[in-house]
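In: my questions concern the predicted model and sequence given below.
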Amino acid sequence: MSNNVLNFQSVRLDEDKNVLVILDQTVLPNSTSYLELETVEDVWDAIYKLQVRGAPAIGIAGAYGAYLGISKSTCENYEDFYAEFMKVKERIASSRPTAVNLFWALDRMEACLKQNKDKAVPEIIKALKAEAHFIRDEDEKVCKAIGEYSLSLLKPEMGILTHCNAGTIATAKYGTALAPLYLGAEKGYNFKVFADETRPLLQGARLTAWELNEAGIDVTLICDNMASIVMKNGWIDAVVVGCDRVAYNGDTANKIGTSGVAILAKEYGIPVYVHAPLSTIDLNTKTGKDIHIELRPGEEIYKTWYEKPMAPEGIKTYNPAFDVTDAKYITAIITEKGIAYPPYEESLPKLFEK
Ligand SMILES: CSC[C@H]1O[C@H](OP(=O)(O)O)[C@H](O)[C@@H]1O
């Protein structure tokens, strides 16, 4: 395995320029280019356009964006500074609604601000930058731990199906669902991975197939409607996916199409493993019915990737970015604190007590 793909940093703060540098995920795999984000609006746009994407990476970008938004503040008292911060937080929080990591990270930044309320504003700004760095560095450790727990469930020659991209570029490093594949490859495991292309934005084709190919991991790209045949052929031993929000009862929002893959896997007796940092588990959301599913422009379905529209101009569309996989279709939820099994209402809260 060549680990150069693990060296791609999807989000990092350039402290000299005081800008957020992101790997532009909308131009992969055809080019590797980086964008420098200076303002809150730059960060908002980059998250909305999925130039930076993936629940953990969105959270990290949100944290750094909140820092950038107040880093040049001229406020001289806490009350004014807090009010300025809250405007920045509210704006960044409006970029995408489903991945709970964005709100989790912004809440962490607000908590940091409050913990430092007795300091002078310049000192509070320094504390906020440090908190954003901590969130990023913590995510790398979290993803590696998820990979190690997940690898304990997999065997060296397994056939694996994955959907969307929960890879290293969707996080600080390693990814969530792809973390066991990278750690396994380092140990000489010979996984045979089938990557769903994941319409309409093709995160599977453009990002997962690119990541695994770069890493020298055996990957086969398939259309989303081929998941059943590869399972029926007996080529799949496990499904590994990421998540954007896990509810208290284990219902999980992930990229559109995940619930169909999970239902198919149940039919073929194949385990489905959701890979979830605790930062993506939202115990305040009771069930999947309570998860806000982002709706995106219909042009992504029939225009984005084509020279000419592939449907009548102005055709009615429905383009949910995520769907919810009911807990009954999820074999286990793998976190950095361990593996949760049903009933998730009991097992998930225990992980937060560790
Ligand atoms: C570890 S990434 C988790 C999750 O985020 C992706 O959504 P998007 O590409 O819209 O940001 C996808 O659902 C991944 O599974």
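Out: All right, it came through fine. Residues are numbered from 1 along each chain as shown.

In: and the chain, which of its residues are near the ligand?
Out: 50, 53-56, 164, 166, 170-171, 176, 203, 241-244, 254-255, 321 (CB under 6 Å from any ligand atom). The C-beta positions use only the backbone N, C-alpha and C, and glycine is treated the same way.

In: do that again at 8 Å, thanks
Out: With CB under 8 Å from any ligand atom as the criterion, the chain meets the ligand at residues 50, 53-58, 96, 98-99, 163-167, 170-171, 175-177, 201, 203, 241-244, 253-255, 258, 275, 277, 280, 294, 321-322.

In: what about the strands in the protein?
Out: For the chain, the strands defined by DSSP state E occupy 11-14, 19-23, 34-37, 159-162, 192-196, 218-222, 238-241, 245-247, 252-255, 272-275, 281-282, 322-325, 332-335, 338-340.

In: show me what contacts the closest residue to the ligand within the stretch 101-250 of the chain?
Out: Closest residue of the stretch 101-250 of the chain to the ligand, CB to the nearest ligand atom: Gly242 (3.1 Å). Contacts for Gly242 (CB atoms under 8 Å, 6 or more residues apart in numbering) come out as 54-55, 164-166, 170, 175-177, 254-255, 274-276.

In: burial of Leu20, as a residue count?
Out: Counted with other CB atoms under 10 Å, residues neighbouring Leu20 total 26.

In: would you confirm that Ala105 contacts Ala63?
Out: Yes: using CB atoms under 8 Å, Ala105 is in contact with Ala63, at 4.3 Å.

In: please enumerate the shared neighbours of those two.
Out: Common contact partners of Ala105 and Ala63 (CB under 8 Å, 6+ apart): Ile135.

In: gap between the residue in the stretch 251-354 of the chain that the ligand sits nearest to and Glu110?
Out: Of all residues in the stretch 251-354 of the chain, Lys255 sits closest to the ligand, at 3.4 Å by CB to the nearest ligand atom. To Glu110, Lys255 is 28 Å away according to CB to CB, to the nearest Å.

In: using PDB, write out the CA atom coordinates for stretch 165-182.
Out: The C-alpha coordinates for stretch 165-182 follow below in PDB (Å, rounded to 0.1, in the frame of the first residue of the first chain):
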ATOM      1  CA  ASN A 165     -17.000   8.400   0.400                       C
ATOM      2  CA  ALA A 166     -16.100   8.100   4.000                       C
ATOM      3  CA  GLY A 167     -12.500   8.200   3.300                       C
ATOM      4  CA  THR A 168      -9.400  10.100   4.400                       C
ATOM      5  CA  ILE A 169     -10.400  13.300   2.600                       C
ATOM      6  CA  ALA A 170     -13.800  13.300   4.400                       C
ATOM      7  CA  THR A 171     -12.000  13.500   7.700                       C
ATOM      8  CA  ALA A 172      -8.700  14.800   9.200                       C
ATOM      9  CA  LYS A 173      -7.100  11.500   8.100                       C
ATOM     10  CA  TYR A 174      -7.800   7.800   7.600                       C
ATOM     11  CA  GLY A 175     -11.600   8.300   7.000                       C
ATOM     12  CA  THR A 176     -14.200   6.400   8.900                       C
ATOM     13  CA  ALA A 177     -15.600   3.600   6.700                       C
ATOM     14  CA  LEU A 178     -12.400   3.400   4.700                       C
ATOM     15  CA  ALA A 179     -10.100   3.500   7.800                       C
ATOM     16  CA  PRO A 180     -10.200  -0.300   8.300                       C
ATOM     17  CA  LEU A 181      -9.300  -0.700   4.600                       C
ATOM     18  CA  TYR A 182      -6.200   1.500   5.000                       C
END
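
In: could we number from 59 for the rest of this?
Out: In the new count, where the first residue is 59, that last one comes out as stretch 223-240.

In: can you give me how far that stretch is from the chain middle?
Out: How far stretch 223-240 lies from its chain's middle: 9 Å, per CA atoms, centre = their mean, to the nearest Å.

In: list the buried residues of that stretch.
Out: Residues of stretch 223-240 classed as buried: 223-240 (neighbour count, 16 or more other CB atoms under 10 Å).

In: what about these, which are in helices?
Out: Assigned to helices by DSSP state H, the following of those qualify: 237-240.

In: and Leu322, what's its pLDDT?
Out: The model reports Leu322 with a pLDDT of 98.

In: sorry, wrong one. I was asking about Asn223.
Out: The model reports Asn223 with a pLDDT of 98.
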